[in-house]
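1. Whatever this is, show me its structure:
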Amino acid sequence: MSETVKRTISGVIYIVLLLSATLYDALTFKILFGFFMIVAAYEFAKLIQLSKYLCVGLSLVAVAAIFQDRIALPVQTLVIITFLILLAITAELFTTRKPNRSVPIKIILFLGYILGTFLAFLHLPYTPEGYQPQIVIGILILVWTNDTFAYIVGKKFGKHKLFERISPKKTIEGLLGGIVFAIIASLVLNHFFTSLNVYIWIASAIFVGLFGTLGDLVESHFKREAGVKDSGKIMPGHGGILDRLDSILFISPFLYIIFQIL
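-> Numbers count the residues shown, from 1 in each chain. Have a look, this model is predicted:
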């Protein structure tokens, strides 16, 4: 079987599984992304050379807490802490020195980059009216639109490198093109998905373009440190869960804050 065929089949299975679990009900949404959290924890532990048993164990505790609705998690406080950790991780992009992280620092990175982002993402579809799966579907569409057109515009018109040391193929033109088409997609989504107003959809599109790209750079940074091409092998032709969800997870705390404000 050719690499292209494997990539196509695994991509289709991933999209169908993701959309069907999200649309069916809140329970299947939590089950799927709880599983993704555990796999992502294992992958990230390997990237930063932290105990896999510790990371998987902490992710299992987090999944258990998510399923216990009677446990009141201080979501807003946890998301703000995650936001600060992500800013600290982003700052590492601007240094050429390889970080010498202690175990406590690695644990903090894991808590923010994996558990905190998943927690924020899992709370995005909830409004005072209850579980709204179209919010997740809309965000996924924005991410896919941004990624697709950032690649197309960058390949066709890209001349100015965005962050060549981390990701040689990304360009400023591609970044702007992805944002423009994501905004267009947000205007279309506003006509079909009414859980959020047009201003939130547009703000989400801009955040997806900016922070989604940043999330991709951050994961590339971790992979470059580890000397690997992919975070894992769970998806033939695509790599690991982190390779597929890096942008979505990174923007989740920022989107959560925007949703709370607007």
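
2. Now for I257, how many residues are close by?
-> Counted with other Cβ atoms under 10 Å, residues neighbouring I257 total 16. Any C-beta I mention is one placed from the backbone N, CA and C, and that applies to glycine too.

3. I'd say it and L86 touch.
-> No: with contact defined as Cβ atoms under 8 Å, I257 does not reach L86; the gap is 11.4 Å.

4. pLDDT averaged over stretch 41-51 - what is it?
-> The average pLDDT for stretch 41-51 rounds to 92.

5. where's V103 relative to A45, distance?
-> V103 sits 12 Å away from A45, going by Cβ to Cβ, to the nearest Å.

6. and these two? which has more neighbours close in?
-> Legend: neighbour count by other Cβ under 10 Å for V103 and A45, higher for A45 (21 against 11).

7. Apart from its chain neighbours, what residue comes closest to the more buried one?
-> C55 (3.9 Å; Cβ to Cβ, 6 or more residues apart in numbering).

8. From Y126, how far off is the one you found?
-> From C55 to Y126 the distance is 26 Å (Cβ to Cβ).

9. And these two? Which one has more around it.
-> More crowded of C55 and Y126, by other Cβ under 10 Å: C55, with 25 against 14.

10. List the buried residues for stretch 199-210?
-> 200-210 (16 or more other Cβ atoms under 10 Å).

11. pretty sure L162 belongs to a strand, no?
-> Yes: assessed with DSSP: H, G, I helix; E, B strand; the rest coil, L162 lies in a strand.

12. wouldn't it be in contact with G174 here?
-> Yes: under the criterion of Cβ under 8 Å, L162 makes contact with G174 at 7.3 Å.

13. ranges for the helices of this structure?
-> 3-24, 26-48, 52-67, 75-91, 103-110, 117-123, 133-157, 172-192, 198-226, 241-261 (DSSP state H).

14. Minimum distance to M235: which of the ones you listed has it?
-> Closest approach to M235 among these (Cβ to Cβ): helix 3-24, 4.8 Å.

15. by how many degrees do that closest one and helix 241-261 diverge?
-> Per axes from the mean of the first three to the mean of the last three Cα atoms, to 10 degrees, the angle that helix 3-24 makes with helix 241-261 is 30 degrees.

16. picking that back up, from the neighbour counts alone, determine which of L162 and G174 ranks first.
-> G174 (25 against 20).

17. so what's that one closest to, chain neighbours aside?
-> Closest to G174 by Cβ to Cβ, 6+ apart is G154, at 2.4 Å.

18. for V198, same thing?
-> Per Cβ to Cβ, 6+ apart, closest to V198 is N190, 4.5 Å.

19. now K30
-> Distance criterion Cβ to Cβ, 6+ apart; nearest residue to K30, sequence neighbours excluded, is I66 at 5.9 Å.

20. tell me the contacts of that neighbour?
-> 30, 34, 119, 122 (Cβ atoms under 8 Å, 6 or more residues apart in numbering).

21. low-scoring stretches of the protein, by residue?
-> Counting by pLDDT under 70, the chain has low-confidence residues at 1-4, 69-73, 237.

22. and with 50 instead?
-> Along the chain, segments meeting pLDDT under 50 span 70.

23. Quick check: neighbours of the strand ranked longest in it in the sheet, parallel or antiparallel?
-> Identified as the longest strand of the chain according to DSSP state E is strand 167-171. Partners of strand 167-171 in the sheet, by DSSP bridges, are strand 161-163 (antiparallel).

24. quick one on the thing from earlier: as JSON lines, the buried residues of stretch 199-210 with distance to L242 would be great.
-> Below are the buried residues of stretch 199-210 laid out as JSON lines (distance: Cβ to Cβ, whole Å):
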{"residue": "I200", "distance to L242": "27"}
{"residue": "W201", "distance to L242": "26"}
{"residue": "I202", "distance to L242": "28"}
{"residue": "A203", "distance to L242": "26"}
{"residue": "S204", "distance to L242": "22"}
{"residue": "A205", "distance to L242": "23"}
{"residue": "I206", "distance to L242": "24"}
{"residue": "F207", "distance to L242": "20"}
{"residue": "V208", "distance to L242": "18"}
{"residue": "G209", "distance to L242": "20"}
{"residue": "L210", "distance to L242": "20"}
